[in-house]
Structure formats: structure tokens, C-alpha cells
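S.K.: Below is the sequence, then the predicted model.
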Amino acid sequence: MSAIRIAARMRRIKPSPSSAGADRLAQLRREGRDIVSLLIGEPDFDTPETIRRAAIDAIESGQTRYTQTAGTLALRQAIAAKFERENGLRYEPRDIIVTVGAKHAIFNALSVSVEPGDEVIIPAPYWVSYPDMVLACDGTPVIVPCPEEHGFLLTPAALEAAITPATRWLILNSPSNPTGAAYSADQLRDLADVLLRHPQVMLLTDDIYEHIRFGAADNPHIVAIEPRLRERAVVVNGVSKTYAMTGWRIGYAAGPSELIAAMDMLQSQSTSGACSISQAAALAALRTEPSFLPGWVATYRSRRDLALQRLNAIPGLRCTAPAGAFYLWVNCAGLIGKRTEQGQRLESDLDVALYFLESAGVAVIGGTSYGLSPYFRASIATGAEVIEEACRRIAASVAKLSS
Ligand code: PLP
């Protein structure tokens, strides 16, 4: 009999489909398959030079020891300044915690607050990790479908209908992974009005894509729009997407002192905080004028327009322009029910994604993984030539399907 015993709660969760997709892609490439990947969930730009230089300086000047568990005071001060400058939110450094990526901030916030039976409202399509994080914390994810006719956004009526006495959290992600949909100030105002009627519900905003927006320059934050939510809101962000720093693993959260203190205690008994060198790099990032950002966003926008044009020209596929982030969320209803050359019927978006992989060598992720079907997510965080080639291959493989 084996001594290894995996805890029962691990059976409730599954691997992240993005990581599973990346592993499968690596395996196929090792086997010599020619695969074009539209899986990538990170900027394909290098971390800017000033930020890299700050990390090297941190190493050379001996900033190589444990920091405060919640992060260095200098970094938390820079985060407080960022919140005030960019979001109109005022937080003291003691109300801020630095974490090992935004993902970890969300996991910590849920870990210290969710108890068995607590419900967490997650608008779908959602970032794949939210439901599994809730399950890992013994909570119950309450998935609220946000269909295309509502722009994949949560409506006040749908929110109201989902709230029960057991609701503990609402998670809002704008712009969203995977749809790129972003809430306007008016839409946030309406959601805030619903939340005001339900004081037991806390709000977690995941703002990781806030700077990758193609539309209006304004960047409304629900807590700035309705300051009465501040006492029960946790604002999560990080440097991964804005500064092309995914591997540095720095995220952060701001919120009520009591909750941040609990997250700090959990960190003190788990990670001891984030890497000192990455914190120094993040400090430089937040202090640097992001002069590179307009160019990066313009590049994402031109790739978005290219991919939209190519994919919408393929019979059976349909896609609207995302307001932000670096993904296209493609409706593939027109392919469901079609047959491959081998006579296999495409029953779901997972079948469509598998068909593209096997027949065209193009990797995308089926919408089922994000809680809404039939769609697939295609990343545009890759070169225009890769997008062109992927779309060309998808078009050729769709042309081979029969009714
Ligand atoms: N939130 C969303 C919506 C994301 O898409 C991602 C990464 O893909 C994260 C959070 C995680 O960010 P980080 O790299 O800071 O952990």
C-alpha cells in the first residue's frame, strides 16, 4: 500500500486548462509536430530595460534577504501612489499586500475569507482559475452566464438574481480574460447599486488587464465610482501584463485592514512574501513612466484587427472586437454539428479546438473551459505572421468540414 495520500480537496480541482494546453503544446512540439500556438496568456515583449536594470542593481546591492511578509514598504508606498494616480483610490501602505502574482493575491483573499457553504459569484465566461480557487477553499462557485447579447458582461438583474444569504464574494474582471469585455462607468454604477442592497457581499476586482484597453482612455474603477464599497472590496492587480513581467511573479491587493492582515498572516506561514529582487523590479516598474505602453497597445490593436478580419471571413466563425486584454473570443456555433473528413461529428467547442490542433496544427482553448460555449479563445499576444498563419490554417481546416 502506498504511503502517498492526496487530500480530498485536491479531487475537487483540476489543472488550469492554460497550463495543461501549454504542456500538451510542448509535448507535440517535442514529437516534431509543427504547431502554431494561439494559447499564450502573456505579453510577447521583453520586460523593459530600466526594470531589468533595477533587478540587477538589487542583486548587486545585496537586496537578497527576506523582506517584510507584506512586501517592502517602498513597494507598498509605490502601489498606494499608483492606486491614487491611476484609479482614484486612496490606500495606506498597511492596507496593501504584495503577493506572488495577482493569482496568489486572489487565492490568499479567498483562503482567509471563504468557509464551507459560502458562495462566490463568478460571471462566465471567466478566467479559468476562479472556480477552482473557490473549490480549493471549500467554497461554492456560483457561475452566472453572461451571454453574447449582453456583451459577455454581468447585468444588474443577473447579479441580483444570483445573490443569496450565503453569497460571500462577487469577482469582477475588467477587461476580461477571455472575452476582453470591459465595463463602462454606468454599468459599474448599476452593479454597485445592487451590491449596496446586499451588505454581506464582498467584492474582488481583478484589474490585471487595466492598461490593455483599445477604446476610451478612461479607466473607471467601481470602488472609485462607489466609495461605500471600499470597506468590503479587495482590489487586485499586478505587474505581469502591463509591464511584461509574468515570470517575475509580483501581484498585489488592497483592501480592508482586517482582511489584508489575515492575508499577511497566511503569507507569514506559507511563502514569507514575494522575491526581494522581483519586488525591487516591480518598484522600478511602478515608478517608471510607462512610455512603452502606447506602442504595445497599438501593436495588440493592429493584431486584434488583423485576427478579427481573418477569422470573421471564415464561414462558421464570428467574433466581435474586444475592448481590452489580448484575446479574441470566437463564436464557433457554425461549426458544431459539422463532420470531419474522418466522419467525426464536432459536438462541442472542445471538439473544435481538438480538430484545429489535430488537423491544422493550431492551438486554441475551447470555451467550455471558461464556462461559456460554443466559443474558443485565441490569443493575439504573438506576432502578426503567427496570427496570419494560424488563421490561414484554420480556414483550410474549416473548408474540409462537411455538413
Ligand atoms: N487574472 C487574470 C484575469 C489573468 O488572466 C491572469 C493571468 O493570466 C492573472 C490574474 C494572473 O496574473 P499573475 O501573473 O499576476 O499571477
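M.R.: Noted; the coordinates are in hand.
S.K.: so what pLDDT did D190 get?
M.R.: In this model, D190 is scored at 98, pLDDT.
S.K.: Isn't it up against P156?
M.R.: Yes. The pair D190 and P156 passes the contact test of Cβ atoms under 8 Å, sitting 4.4 Å apart. Using the backbone N, CA and C atoms, a C-beta is placed for each residue, glycine as well.
S.K.: now R9, what's its secondary structure?
M.R.: helix (DSSP: H, G, I helix; E, B strand; the rest coil).
S.K.: helices or strands up against the helix or strand where D264 lies?
M.R.: Assigned by DSSP states H and E, D264 belongs to helix 257-268. Here helix 257-268 touches strand 96-99, helix 102-111, strand 251-254, going by 3 or more Cβ pairs under 8 Å, 6 or more residues apart in numbering; DSSP states H and E.
S.K.: Tabulate the ones you listed (TSV), appending mean neighbour count, mean pLDDT and distance to L89.
M.R.: Below are those laid out as TSV (neighbours: other Cβ atoms under 10 Å; pLDDT from 0 to 100; distance: least, Cβ to Cβ, whole Å):
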stretch	mean neighbour count	mean pLDDT	distance to L89
strand 96-99	28	98	11
helix 102-111	24	98	15
strand 251-254	27	98	7
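S.K.: Any idea which of these gets closest to G88?
M.R.: Checking the helices and strands packed on helix 257-268 against G88 by Cβ to Cβ gives strand 251-254 as the closest, at 12.8 Å.
S.K.: on that earlier part again, report the buried residues of the helix holding D264.
M.R.: Across helix 257-268, burial judged by 16 or more other Cβ atoms under 10 Å covers 259-260, 262-264, 266-267.
S.K.: For the stretch 251-400 of the chain, which segments count as strands?
M.R.: Counting by DSSP state E, counting those that start in this stretch, the stretch 251-400 of the chain has these strands, from start to end: 251-254, 327-331, 362-363, 365-366, 375-379.
S.K.: likewise the stretch 1-150 of the chain?
M.R.: In the stretch 1-150 of the chain, the strands defined using DSSP E, counting those that start in this stretch lie at 36-37, 96-99, 119-124, 140-145.
S.K.: about what we covered before: may I see the helices and strands packed on helix 257-268 arranged in JSON lines, with distance to the ligand as well?
M.R.: Converted to JSON lines, the helices and strands packed on helix 257-268 look like this (distance: least, Cβ to the nearest ligand atom, whole Å):
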{"stretch": "strand 96-99", "distance to the ligand": "8"}
{"stretch": "helix 102-111", "distance to the ligand": "3"}
{"stretch": "strand 251-254", "distance to the ligand": "4"}
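S.K.: Next, format these as JSON lines and append distance to A20.
M.R.: Shown next, in JSON lines, are those (distance: least, Cβ to Cβ, whole Å):
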{"stretch": "strand 96-99", "distance to A20": "24"}
{"stretch": "helix 102-111", "distance to A20": "16"}
{"stretch": "strand 251-254", "distance to A20": "22"}
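S.K.: Would you tell me which of the ones you listed gets closest to L204?
M.R.: Evaluated with Cβ to Cβ, the helices and strands packed on helix 257-268 place helix 102-111 nearest to L204, the distance being 6.0 Å.
S.K.: which helices and strands sit right next to the closest one?
M.R.: With contacts taken as 3+ Cβ pairs under 8 Å, 6+ apart, helix 102-111 sits against strand 96-99, helix 129-136, strand 202-206, strand 233-238, strand 251-254, helix 257-268.
S.K.: Would you convert the ones you listed into a markdown table that also reports distance to V112?
M.R.: Formatted as a markdown table, the helices and strands packed on helix 102-111 follow (distance: least, Cβ to Cβ, whole Å):
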| stretch | distance to V112 |
| --- | --- |
| strand 96-99 | 11 |
| helix 129-136 | 12 |
| strand 202-206 | 11 |
| strand 233-238 | 10 |
| strand 251-254 | 11 |
| helix 257-268 | 4 |
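S.K.: What count of nearby residues applies to I163?
M.R.: I163 has 19 neighbours, counted by other Cβ atoms under 10 Å.
S.K.: measure it to L191 for me?
M.R.: Separation of I163 from L191 (Cβ to Cβ, to the nearest Å) stands at 11 Å.
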